[in-house]
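>>> Let's see this in three dimensions:
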Amino acid sequence: MSYIAWFGELPDENLGLIAGGKGASLCRMFQNSFPVPEGFICCSSMFSDFMESNHLWDKVYEKLESIDWDSCDSLAQTGESIRRMVAEAPMPQEMAELLVENYRQLGDNVPVAVRSSGTAEDLDDASFAGQQETYLYVIGEEEVVSFVKECWASLYNDCAIFYRKEKKFDEREISIAVVVMRMVNSEKSGVMFSANPITKSCDACMIEAAWGLGEGVVQGIVNPDNYIVRKKDYGYDMRYISEKEIMVVRASERGGSKEIPVPQDKMNAPVLSDKEIGELVDLAVLVETFYGKPQDLEWAYEKGKMYLLQARPITTL
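Predicted coordinates for the structure are as follows:
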C-alpha cells in the first residue's frame, strides 16, 4: 500500500490501524457522503518506515523503559528527548516527494489542517482526545512536511505516554497516522454530542458554539454558547448565550492561528440560528445512526455551508 491515500481510497478493512482513529472516522464519513472536507492520510506505515529509516525505534524504546514513573521530571525529560529526535530526523526523500505531490493536488499553497491520528485513539473504552497535536492553517510544501513530523513526534507527548502506561498499551503496538485536510475557514464552529454526556440521556443533543475556529472551544480558550436540544422536536431543554470575548482566527497570509477580541456586535449575539441548530441536530442523529452509538462531533460553518470535522464515540456514557 502507498504511504498516502485520500479519504475516498482506503478500504474499511484494518482502517483504524492504517489511518488511526481520527483518520478512519473521516474516511468512513467521507465515503458515506457526510460533509467532510477533502483530504488525505499519511498512513501509519509511513511513520513506521520513517522511524526504521532513521534507526529510531530502539532508541525510543530504550528511553521509554528508562522512565521513573514516580518522577514527573523523568517523564517530561524523556518525552521531550524523544519528540526532539523524531522532529529533527530527516524525512526520506521518497516520502517527502510523495507528500508534496499529494499536497499540490489540493491546489497551490492551499491552507490545510495537519492532524495527528493515533492507532489507539477514539476507542470505545479509551480516549486520547487532545493528547496528540493538530496544526491549523499550514501553508506551503516545506511547512506540510515539517508539521507531519511534528504530529509524529506528538505520539510521545508526556500525557500520551503516561495514559498509554496507565491503560497498559504495548508501546511496540502503537503507531500514528496523520490527516492532511483542506482548512475550513470557519465563521462559527464548535463541538456537539449526539447524547447528553451529563445526564446520559440519548433524547437530546448538547451543542457548544463559538465564533471563529473550533479550536477555541476544543481547547477551552473561549466561552461558548451552550444548547441542549431535543431530537424529536428541536425544542430547547437549555439555551445559554454567553458573553464571548475571544475568538480564534487565521493569523496571517503565512498561516497559523491567533486569538482576537470578538467584535462588539457579536459578543452577546447567538452564534447559531434556529435553522443551523436544526441542521446540526439532524447531522448528529445521522452520524449516531451510522456508527450505532452516541458520538462526540466537531463541526464548522464556512460561508453558510456546514462541515463535519471529526466524530468519535462518547466514552463517558
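>>> and residue 302, bridged to which residues?
Beta-bridge pairing for residue 302 (DSSP bridges): residue 305.
>>> and it, what does it touch?
The contact partners of residue 302, taken as CB atoms under 8 Å, 6 or more residues apart in numbering, are 184, 185, 186, 187. For the C-beta atoms, the positions are set from N, CA and C on the backbone; glycine is no exception.
>>> any idea how far it is from residue 132?
The gap separating residue 302 from residue 132 is 25 Å, by CB to CB, to the nearest Å.
>>> can the contacts of residue 302 go into a markdown table with extra columns for distance to residue 202, neighbour count and pLDDT?
A markdown table is the format used below for the contacts of residue 302 (distance: CB to CB, whole Å; neighbours: other CB atoms under 10 Å; pLDDT from 0 to 100):
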| residue | distance to residue 202 | neighbour count | pLDDT |
| --- | --- | --- | --- |
| 184 | 28 | 23 | 96 |
| 185 | 33 | 14 | 94 |
| 186 | 28 | 24 | 96 |
| 187 | 30 | 17 | 96 |
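>>> ok, so of those residues, who is nearest residue 101?
Among the contacts of residue 302, residue 184 lies closest to residue 101 (CB to CB), at 23.2 Å.
>>> ok, the closest one touching residue 298?
No: between residue 184 and residue 298 there is no contact under CB atoms under 8 Å: 10.2 Å.
>>> Report the set of residues contacting both of those two.
residue 309.
>>> mind listing the strands for the chain?
Applying DSSP state E to the chain gives strands spanning 4-6, 39-42, 112-118, 134-138, 176-182, 188-193, 204-211, 225-230, 236-240, 246-250, 257-261, 295-302, 305-313.
>>> Out of these, which gets nearest to residue 82?
Of these, nearest to residue 82 by CB to CB is strand 176-182, at 12.7 Å.
>>> With distance to residue 81 and mean pLDDT added, can I get the strands of the chain in TSV?
What follows is the strands of the chain, written out as TSV (distance: least, CB to CB, whole Å; pLDDT from 0 to 100):
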stretch	distance to residue 81	mean pLDDT
strand 4-6	29	97
strand 39-42	24	98
strand 112-118	19	95
strand 134-138	22	94
strand 176-182	18	97
strand 188-193	34	97
strand 204-211	36	97
strand 225-230	41	97
strand 236-240	45	96
strand 246-250	31	93
strand 257-261	28	93
strand 295-302	32	96
strand 305-313	30	96
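>>> list the contacts for the one residue sitting closest to the centre of the chain?
Centroid-nearest residue in the chain: residue 115, 5.4 Å away (criterion: CA atoms, centre = their mean). By CB under 8 Å, 6+ apart, the residues touching residue 115 are 22, 134, 135, 151, 178, 179, 180, 181.
>>> For residue 265, see how far away it is.
Distance from residue 115 to residue 265, by CB to CB: 32 Å.
>>> Could you do residue 311 as well?
From residue 311 to residue 265 the distance is 33 Å (CB to CB).
>>> List the residue ranges of the stretch 51-200 of the chain that fall below the pLDDT cut-off.
By pLDDT under 70, the low-scoring segments of the stretch 51-200 of the chain are 121-131.
>>> In it, what residue spans correspond to helices?
Along the stretch 51-200 of the chain, counting by DSSP state H, counting those that start in this stretch, helices occupy 57-65, 72-88, 93-104, 141-153, 158-166.
>>> Which among those is found nearest to residue 207?
Residue 207 lies closest to helix 158-166 among those, at 26.9 Å (CB to CB).
>>> Off-centre distance for the closest one?
18 Å (CA atoms, centre = their mean, to the nearest Å).
>>> Of all the residues in that helix, which ones are buried?
158, 160, 161, 162, 163, 164 (16 or more other CB atoms under 10 Å).
>>> From the residues you listed, pick the one nearest residue 306.
Proximity of the buried residues of helix 158-166 to residue 306 (CB to CB) peaks at residue 160, which lies at 30.8 Å.
>>> right, and that closest one touches residue 153 too?
No: using CB under 8 Å, residue 160 is not in contact with residue 153, being 10.9 Å away.
>>> Could I get the contacting residues of residue 209?
Residue 209 sits next to 188, 189, 190, 217, 224, 225, 227, 271, 272 when contact means CB under 8 Å, 6+ apart.
>>> of all the residues you listed, which two lie farthest apart?
By the measure CB to CB, 189 and 227 form the most distant pair in these, at 14.1 Å.
>>> What is the neighbour count of residue 101?
Residues contacting residue 101 under the criterion other CB atoms under 10 Å number 11.
>>> before we move on, what about the one 3 residues further on?
When neighbours are counted by other CB under 10 Å, residue 104 registers 13.
>>> Find the nearest non-adjacent residue to it, please.
Distances taken as CB to CB, 6 or more residues apart in numbering place residue 141 nearest to residue 104, at 7.5 Å, with adjacent residues excluded.
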